[in-house]
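[1] got a sequence here, can you model it:
(one chain, ligands or ions: 2)
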Amino acid sequence: MPTLEDLEQQLGGLDGRRILVRCDFNVPLREGPDGRREIADDLRIRAALPTLSWLAERGAAVTACSHLGRPAGTPDERFSLTPVAERLAASAPGVEMVENLRFHAGETANDAAFADALVAGEIVVRFGNGTQRAPFDGYVNDAFGASHRAHASIVGPPRHLPSAAGRLLAREVEVIGGLRADARRPFVAVLGGAKISDKLGVVEALAGVVDTLVIGGGMCFTFLAAMGHQVGDSLCEPDFIETCERLLGGGTRIVLPSDITALDAGGTVRQMGRTLPDGCRGLDIGPGSAAEFDDVIADARTVFWNGPMGLFEDERFAAGTRAVAQSMADSRAFAVVGGGDSAAAVAQFGLVPYMDHISTGGGAGLELIEHGDLPGLAALRDSPQR
Ligand code: ADP
Ligand code: MG
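    Ligands and ions are numbered 1, 2, ... in the order given. Alright, predicted model coming up:
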C-alpha cells in the first residue's frame, strides 16, 4: 500500500496541498449531564492524530471526513459530528471537517457522482473556516474501522487522486493482517456484542482460522437457540440458527456460556442457567461462564476479542465484560481488542495499558482476518501512481 511518504513524493511536496483524510470518527456517544451528546471514548480521535499532524506539519491543508452512526442518507442533528469537531479543534487545530458523510445517500450507495463531488471539494465543509471549495490534490485513508465497506468515501477518491494509507490504517493492517498470516497458537477469538447479523457471517470464516471460538454477548443466544434452549426475550437472529447449527457441528471448538445473568419480566436481575423463560432477557454471561472463559484465555497464545459480553453500560450487566477484559490483561497471550464498544469497555476498566493492541475496527478486523484484504485497502493499492 502507498504510504504517506509515497504521497508526499508523488505530489512533489505537501506544502499548500489540499488533502482529504477519511477518518473513522464513528465514536461511541452517550448523553452528558446537560442532556447534550458527549463522546464516551475518544480512542478513534486520538488514533487519527499522528496522520493529521504529520500532514499539517508539512504544510498540507487538511480536511477530515467521517461517518457517524446510521442516519438515513439525509441530514439528522442526532448524528451530527459536532461533538467530534469540537474535540478535534482542541487537539488538531487548523484541520477542517466535513459533516457526517452519511447525511448523503450516495455515501453508502457508493454513488460515483457523490464521490466526484467529494473529491471536487463540493461537499459542504461544516466545521473549520468552511470557505474553501477547491478540489483536493490527494487522499489519505486512515479509517480502518470503515475500510471493509465499499462506500463512496472509501473506494471513490483513490480512483481519481494520488492516495495513501495513513499511519493508523497501516499499523492496523500490520497487526490484524499479521494475525491471519501467523498468529501464535492456540489462537482464540472471543466474540460478543449486539451487531449479530453483521458478525455471524464472519464467524463461519473465522472458525477456519482460529482454534477456539468463545461466544458471549448478544451473539450467544442464537447459538443457544440452535442447541434447543429457550432464550426468552434475549437478542436472537432466527435467520442464523442454521448457520449456528452448522458451526456447532464443525471442527472448531466453540465455547458458549453455561450460565446467564438475566433481567426477568418483573425487572429483577437473576442468575440463570442456559434456559430462559419468556419475558426474561439475557444481558450478561454469568460468573461460571466468566471463569470458564478465563481458563480458555489463560491457555491461549493469541486472543482477538470483539464485542462486549453483555450490556456493560449498565453496571448490573458489566461483570462478564470486565472479567474477559481482566483475563486478557492477565494472560500471556498476544491480546488484541477490536470494536468501538469493546475498546470503550477496556478504557472504562482502566486496562488499556495491559493490551497489546487496541484496534479501532470491529467488523473491519473480523473481515481482514477472514479475507486477508478489505475493499478500502484494494482501492489504495489500485490508485493512480505516477
Ligand atoms: P463493538 O462496537 O465492540 O464492535 P457491538 O457494537 O457489536 O460491539 O456491540 C456493542 C453493544 O452490544 C453494547 O452496547 C452492549 O451493550 C451490547 N450487548 C452486549 N451483549 C448484549 C446482550 N446480551 N443484550 C443486549 N445488548 C448486548
Ligand atoms: Mg459498536
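
[2] tell me the helix or strand right after the helix or strand that contains R159.
    When secondary structure is defined by DSSP states H and E, R159 falls within helix 157-160. Note on helix 157-160: by DSSP H and E, the next helix or strand toward the C-terminus is strand 163-165.

[3] what does that next one rub up against?
    Residues from elsewhere that reach strand 163-165, judged by Cβ atoms under 8 Å, 6 or more residues apart in numbering: 1-4, 6-7, 138-142, 157, 173, 377, 379-380, 383. (Glycine included, C-beta is placed from N, CA and C.)

[4] repeat the analysis, applying 7 Å as the threshold.
    With contact meaning Cβ atoms under 7 Å, 6 or more residues apart in numbering, strand 163-165 is reached by 1-4, 6-7, 138-141, 157, 380, 383.

[5] let's have the residues you listed in TSV, adding secondary structure, distance to L351 and neighbour count.
    As requested, those are arranged in TSV below (DSSP: H, G, I helix; E, B strand; the rest coil; distance: Cβ to Cβ, whole Å; neighbours: other Cβ atoms under 10 Å):
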residue	secondary structure	distance to L351	neighbour count
M1	coil	31	17
P2	coil	35	19
T3	coil	32	15
L4	helix	31	22
D6	helix	36	16
L7	helix	36	25
G138	strand	38	23
Y139	strand	35	25
V140	strand	31	32
N141	strand	29	31
P157	helix	37	26
L380	helix	33	24
S383	coil	38	22
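
[6] per-residue pLDDT, the closest residue to ligand 1 within the stretch 201-350 of the chain?
    Ranked by Cβ to the nearest ligand atom, the top residue of the stretch 201-350 of the chain for proximity to ligand 1 is G339, at 2.4 Å. In this prediction, G339 carries a pLDDT score of 87.

[7] which positions in the stretch 201-350 of the chain make contact with ligand 2?
    Applying Cβ under 5 Å from the ion, we find that the stretch 201-350 of the chain lies next to ligand 2 at G340, D341.

[8] and the strands in the stretch 201-350 of the chain?
    Under the criterion DSSP state E, counting those that start in this stretch, strands of the stretch 201-350 of the chain are mapped to 212-215, 253-255, 260-263, 269-272, 281-285, 302-306, 334-338.

[9] quick one: strands adjacent to the fourth one?
    Using DSSP bridges, strand 269-272 pairs in its sheet with strand 260-263 (antiparallel).

[10] please save the CA atoms from the partner strand in CSV.
    The C-alpha atoms that make up strand 260-263 are tabulated as CSV, following Å, rounded to 0.1, in the frame of the first residue of the first chain:
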residue,chain,number,x,y,z
ILE,A,260,-26.5,-16.2,32.1
THR,A,261,-27.3,-13.0,34.1
ALA,A,262,-30.8,-12.0,33.1
LEU,A,263,-33.5,-9.4,33.7
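
[11] what mean pLDDT does that strand have?
    Mean pLDDT, computed over strand 260-263, is 98.

[12] for the residue nearest to A152 when sequence neighbours are not counted, what are its contacts?
    Once its chain neighbours are removed from consideration, A152 has its nearest residue in A115; the separation is 4.3 Å (Cβ to Cβ, 6 or more residues apart in numbering). Neighbouring residues of A115 by Cβ under 7 Å, 6+ apart: A152, G156, P157.

[13] surely A115 is within a helix?
    Yes - under DSSP: H, G, I helix; E, B strand; the rest coil, A115 falls within a helix.

[14] can you tell me how far it is from S80?
    22 Å (Cβ to Cβ, to the nearest Å).

[15] likewise V269?
    35 Å.

[16] and for stretch 374-386, what's in contact with it?
    Applying Cβ under 7 Å, 6+ apart, the set of residues contacting stretch 374-386 from outside is 1-2, 10, 141, 147-150, 154-155, 158, 162-165, 173, 364, 367-368.

[17] what is the burial count for the closest residue to ligand 2 within the stretch 1-150 of the chain?
    Each residue of the stretch 1-150 of the chain has a distance to ligand 2, by Cβ to the ion, and the smallest belongs to P28, at 6.8 Å. As a burial measure, P28 scores 18 neighbours (other Cβ atoms under 10 Å).

[18] how about the nearest residue to E31, chain neighbours excluded?
    Nearest in space to E31, with sequence neighbours left out and distances taken as Cβ to Cβ, 6+ apart, is R37 at 6.3 Å.

[19] next up, the contacts around the one you found.
    Neighbouring residues of R37 by Cβ under 7 Å, 6+ apart: L29, E31, P83.

[20] buried only: go through those for me.
    If you count burial by 16 or more other Cβ atoms under 10 Å, the buried members of the contacts of R37 come out as L29, P83.

[21] touching, D137 and R17? I think so.
    Yes - D137 lies in contact with R17 (Cβ atoms under 7 Å); the separation is 4.4 Å.

[22] anything in contact with each of these two?
    Common neighbours of D137 and R17 are listed as L11 (criterion: Cβ under 7 Å, 6+ apart).

[23] the closest residue to ligand 1 within the stretch 151-300 of the chain: how many residues sit nearby?
    Minimum separation of the stretch 151-300 of the chain from ligand 1 (Cβ to the nearest ligand atom) falls at G193, amounting to 2.6 Å. Neighbouring residues of G193 were enumerated by other Cβ under 10 Å; the total is 23.
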